[in-house]
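Chemist: Structure here, sequence nowhere to be found:
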């Protein structure tokens, strides 16, 4: 039996596109592709602008490619039934699927979720795992049910996080291990020869969308946390300097002078600037104001008229 597969993803996500390429190399019949609606294609791991989306690849091959605003709408459910798929393979697809659409595949609707479920259910799991300083991350392939990432586990892979991981570098290592599960899922589907395991609620957690406020730095936090936040998403964490929103790239934890208070500018070097935190201090390498070009932090701080002893944030 050659399984008939519908792929669901987000065409602006590296995570979706890379697993789609793995599916193209897997013995199966790709009968449909479903993309997130344009308004929901934001990603913490976006594709480069010159990357052809999987929908384009599918259409070139004559595969139907759809992008419904609501995949639970009866007309779309009927269109999926007409494709008679054995499997749904969802990777980074943001819409919640309800009972009617989940009942379409003859064998299973499976989702690739970039966390070690039941931890970090919901959106942007790699971002949130790094934010919380997890030592281990990974990916779970699970059965889709009406809950949010609550279905039975089919496969898992684990990776160690690293001190200087960004969302992108950790995603890359997760995907290096997880793309092979696409072929395994399709191969095991006819006999359902996977080890299906219910999720346990102890250790379960859920996180939602990332907002601008999640990138605002609070200098009362310890320096190791601030350094990690800046490293995870370079150029996105910000504070206000001389009344202007300023974004930081590159940081390291360093000792803080005795008596310095959180948010105090304690040093301006040749290229770096150092700001006291709740515990120790953070040395900033590069910064930019708003959408302007990034430059050495010391140069920008001087241009803003800042000097040692001033406060930021």
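Modeler: Happy to help now that I have it. Here the structure is a predicted model, which means the values were calculated and not measured.

Chemist: rest of the way, CA atoms for contacts and neighbours
Modeler: Noted.

Chemist: All the strands of the stretch 151-300 of the chain, residue numbers only.
Modeler: 153-160, 206-207, 238-241, 244-254, 265-268, 273-276, 281-289, 295-296 (DSSP state E, counting those that start in this stretch).

Chemist: okay, those, which one's buried deepest?
Modeler: A comparison of the strands of the stretch 151-300 of the chain by mean neighbour count, using mean count of other C-alpha atoms under 10 Å, puts strand 273-276 on top with a mean of 27.

Chemist: re the thing from before, with distance to residue 40 as extra columns, can I get the strands of the stretch 151-300 of the chain in TSV?
Modeler: Output for these, formatted as TSV (distance: least, C-alpha to C-alpha, whole Å):
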stretch	distance to residue 40
strand 153-160	26
strand 206-207	17
strand 238-241	24
strand 244-254	25
strand 265-268	39
strand 273-276	37
strand 281-289	28
strand 295-296	32
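
Chemist: closest one to residue 185 among the ones you listed?
Modeler: strand 153-160 (8.5 Å; C-alpha to C-alpha).

Chemist: list the helices and strands the closest one packs on?
Modeler: With contacts defined as 3 or more C-alpha pairs under 8 Å, 6 or more residues apart in numbering; DSSP states H and E, strand 153-160 has these neighbours: strand 136-143, helix 167-178.

Chemist: how much does the longest one deviate in direction from strand 153-160?
Modeler: Between helix 167-178 and strand 153-160, the angle comes out at 130 degrees (axes from the mean of the first three to the mean of the last three C-alpha atoms, to 10 degrees).

Chemist: In JSON lines: the helices and strands packed on strand 153-160, plus distance to residue 259 and mean neighbour count.
Modeler: Below are the helices and strands packed on strand 153-160 laid out as JSON lines (distance: least, C-alpha to C-alpha, whole Å; neighbours: other C-alpha atoms under 10 Å):
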{"stretch": "strand 136-143", "distance to residue 259": "36", "mean neighbour count": "23"}
{"stretch": "helix 167-178", "distance to residue 259": "35", "mean neighbour count": "19"}
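
Chemist: Take those and write them to JSON lines, including mean pLDDT.
Modeler: JSON lines is the format used below for the helices and strands packed on strand 153-160 (pLDDT from 0 to 100):
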{"stretch": "strand 136-143", "mean pLDDT": "98"}
{"stretch": "helix 167-178", "mean pLDDT": "96"}
